[in-house]
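Asker: My questions concern the predicted model and sequence given below.
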Amino acid sequence: MSAIIATFCCGAVPAAIPRSCGRRSGTDGGYSFVHNPDIPITRKPVIWRREDTTRIISLTDAPRGFTDLRSLDFEAMGRVLFDSEDDAGRSITVTGSFGTFSFLLDDPAAAKRPAVVIPLDPHYRSRWYEAGRFVSHHLGFRLPSRVPPVITPFRSLYLIRCLHAYDLHRAGADERRIAAVLINPRALTMSWNEWCDHTWRRTAKDWRDEGIVNCPGFTGE
């Protein structure tokens, strides 16, 4: 199973590996944002298959005949957030001043003789933009002038929380219950006066309202 780090959240529940639900936003605004309401907010990375997001950069061993290739040193590139191997290959996510790059190497030689693989699917342009952003950084070029906006880890975390709050709202949860699930269970035991003045109430309300705005007319069917 191909994997990608999609978000960085808070909590203590191990991450799950979500499957595609048939809805993807690979072309919305030029970037991909993925969300699975069944996955709790967690400090562990959320892992996605590369076919379900355009933010993963697929690397393989370059064809024979190419000799002037620049190898990859992920530790020197930036801070490694995630590094794991499975039957699909090596998944690694690196962050630094450039932002965040997530890779899947389907061949052990890909780090020494890297070549980028971009499938010709409907999300080709978004995959090409993300690959171009990485290649430009790695080779010391200027970033492409038309690279679309990229959701930062902080913005991604905020949107994930808003969508979780919206899921809870649709299930009948009030602001106090949303805060208890997404922030701190102590929200359920606060006195009414303490709860009314607490920032958790305002935060839960803001997340819920933002989730409603981001999901107009969605019925979940």
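Answerer: Cool, the structure landed. Residues are numbered from 1 along each chain as shown.

Asker: now the strands for the chain?
Answerer: Along the chain, the stretches classed as strands by DSSP state E are 56-61, 79-86, 89-96, 99-105, 114-117.

Asker: Ala165 touches Ala179, doesn't it?
Answerer: No - using Cβ atoms under 8 Å, Ala165 is not in contact with Ala179; the gap is 9.1 Å. Quick note: C-beta positions are derived from backbone N, CA and C, even for glycine.

Asker: before we move on, the earlier item: mind putting the strands of the chain into a markdown table with mean pLDDT and distance to Ser71?
Answerer: Listed next are the strands of the chain as a markdown table, based on pLDDT from 0 to 100; distance: least, Cβ to Cβ, whole Å:
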| stretch | mean pLDDT | distance to Ser71 |
| --- | --- | --- |
| strand 56-61 | 90 | 11 |
| strand 79-86 | 85 | 16 |
| strand 89-96 | 87 | 14 |
| strand 99-105 | 87 | 12 |
| strand 114-117 | 91 | 7 |
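
Asker: what about the closest residue to Phe98 other than its chain neighbours, how many neighbours?
Answerer: Spatial nearest neighbour of Phe98, excluding adjacent residues (Cβ to Cβ, 6 or more residues apart in numbering): His137 at 4.9 Å. By other Cβ atoms under 10 Å, 18 other residues sit near His137.

Asker: From Gly211, how far off is Ala173?
Answerer: Going from Ala173 to Gly211 by Cβ to Cβ, to the nearest Å gives 12 Å.

Asker: Repeat that for Asp73.
Answerer: 40 Å.

Asker: which of the residues in stretch 101-114 are buried?
Answerer: Phe101, Ser102, Phe103, Leu104, Leu105, Asp107, Ala110, Ala111, Arg113, Pro114 (16 or more other Cβ atoms under 10 Å).

Asker: And Ala173 and Gly211? Which one has more around it.
Answerer: Gly211 (22 against 18).

Asker: For that one, list the residues it contacts.
Answerer: Taking Cβ atoms under 8 Å, 6 or more residues apart in numbering, we find Gly211 in contact with Cys162, Leu163, His164, Ala165, Tyr166, Asp167, His169.

Asker: 7 Å instead?
Answerer: By Cβ atoms under 7 Å, 6 or more residues apart in numbering, the contact list for Gly211 reads Cys162, Leu163, Ala165, Tyr166, His169.

Asker: which ones are touching the closest residue to it other than its chain neighbours?
Answerer: Excluding the flanking residues, the one nearest Gly211 by Cβ to Cβ, 6+ apart is Tyr166, at 2.8 Å. Contact partners of Tyr166, counting by Cβ under 7 Å, 6+ apart, are Arg208, Gly211, Ile212, Cys215.

Asker: Fine by me, we can end here.
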